[in-house]
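> Quick check, what structure comes out for this input:
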Amino acid sequence: MERIIGVNSNCYHGYRIEEALEGIAAAGFHYVELTATKGWTEHVFPSQSFEYLIQVKERMKKLGLAPFAMSGHCNLMDKERLQDFIMNIRLAAFFGCAYIVSSVGEAHLEDKDKGSDELVAEHIRMLLPYLEEYQMSLVLESHGEHATGAVLKGITDRVDSPRVGINYDTANVIFYGNVDPVSDMDSSIPRLFRYSAESRTA
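Sure, this is the predicted structure:
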């Protein structure tokens with residue numbers, strides 16, 4: 001299986017998407033995770049015009065960049081945010097992304113609602129038809145109050161779908177979870193998704 005190395009356009013937070021793409025390509029990378037994170041980095045976003053999104057897509061093609069994932073963080077504990085996330089799934093499909101990434105809570109906005117792991121799993125199960133329709137996988141990023149692999153494995157086990165796994169952010173595990181990622185990762189390995197250029201599944 002071919003491993004890929006991608007760059008999140010959020011590395012260029014505060015810059016326009018055009019500048020981010022130029023920088024990523026100039027650095028010699030070929031894969032990009034587009035950022036559509038409300039209130040933080042909206043490099044691409046469902047509210048942008050179709051014409052503009054086409055321009056971004058064409059720009060990536062010209063630069064030789066493949067958009068393999070989208071950072072579309074929404075609070076999955078909040079049922080009112082699920083429609084926003086569905087729009088992000090559709091946006092990710094428009095760009096041909098195989099993966100969509102979200103934290104359990106908001107990444108950079110204040111959580112307006114909180115809930116149990118079972119409630120989160122219930123909400124994620126509501127998203128499964130859309131993931132199936134667009135042949136996409138959802139990966140939950142270790143972040144905030146859900147910053148350890150052990151916690152995320154508990155949620156993904158409850159969902160129990162091959163379309164849902166874990167995007168393990170080692171820095172967040174240390175910063176938010178205050179645990180050793182080497183030991184924490186062991187428990188979550190069965191649910192870790194490995195990005196490849198060959199497949200739309202784990």
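> ok, the spatially most central residue of the chain to Ser49 distance?
By Cα atoms, centre = their mean, the chain has its centre lying nearest to Val101, at 1.2 Å. From Val101 across to Ser49, the span is 24 Å (Cβ to Cβ, to the nearest Å). C-beta: built from backbone N, CA, C; applies to glycine.
> contact partners of the helix or strand bottoming out on mean pLDDT in the chain?
When the helices and strands of the chain are compared on mean pLDDT, DSSP states H and E, helix 181-188 comes out lowest with a mean of 86. Contact with helix 181-188 is made by Thr148, Gly149, Ala150, Leu152, Lys153, Ile166, Tyr168, Thr170, Val173, Ile174, Gly177, Leu192, as judged by Cβ atoms under 8 Å, 6 or more residues apart in numbering.
> Can you turn the buried subset of the residues you listed into a selection I can paste into PyMOL?
Burial among those is assessed by 16 or more other Cβ atoms under 10 Å; the matching PyMOL selection reads:
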select buried, resi 148+149+150+152+153+166+168+173+177+192
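> and of the contacts of helix 181-188, the nearest to Ala92?
Nearest to Ala92 among these: Ile166, at 17.7 Å, using Cβ to Cβ.
> so what's the backbone phi/psi at the closest one?
Main-chain torsions, Ile166, degrees, to the nearest 10: phi -120, psi 140.
> Repeat that for Ser102.
phi -150, psi 150.
> what's it in contact with, if anything?
By Cβ under 8 Å, 6+ apart, the contact list for Ser102 reads Gly72, His73, Cys74, Leu76, Phe85, Leu138, Val139, Leu140, Glu141.
> Then Gly149?
Ser142, Ile166, Tyr168, Val173, Pro181, Asp184, Met185, Ser187, Ser188, Arg191, Leu192.
> What does the pLDDT read for the closest residue to the last one other than its chain neighbours?
Setting aside the residues directly before and after it, Leu192 is nearest to Ile166 in space (Cβ to Cβ, 6 or more residues apart in numbering), at 5.2 Å. Among the per-residue scores, Ile166 shows a pLDDT of 94.
> Ile166 bridge partners, please.
As for beta bridges, Ile166 partners with Leu140, Leu192 under DSSP bridges.
> wouldn't it be in contact with Leu152 here?
Yes. Using Cβ atoms under 8 Å, Ile166 makes contact with Leu152 at a distance of 4.8 Å.
> can you give me the helices for the protein?
17-26, 50-63, 82-94, 117-133, 149-159, 170-175, 181-188 (DSSP state H).
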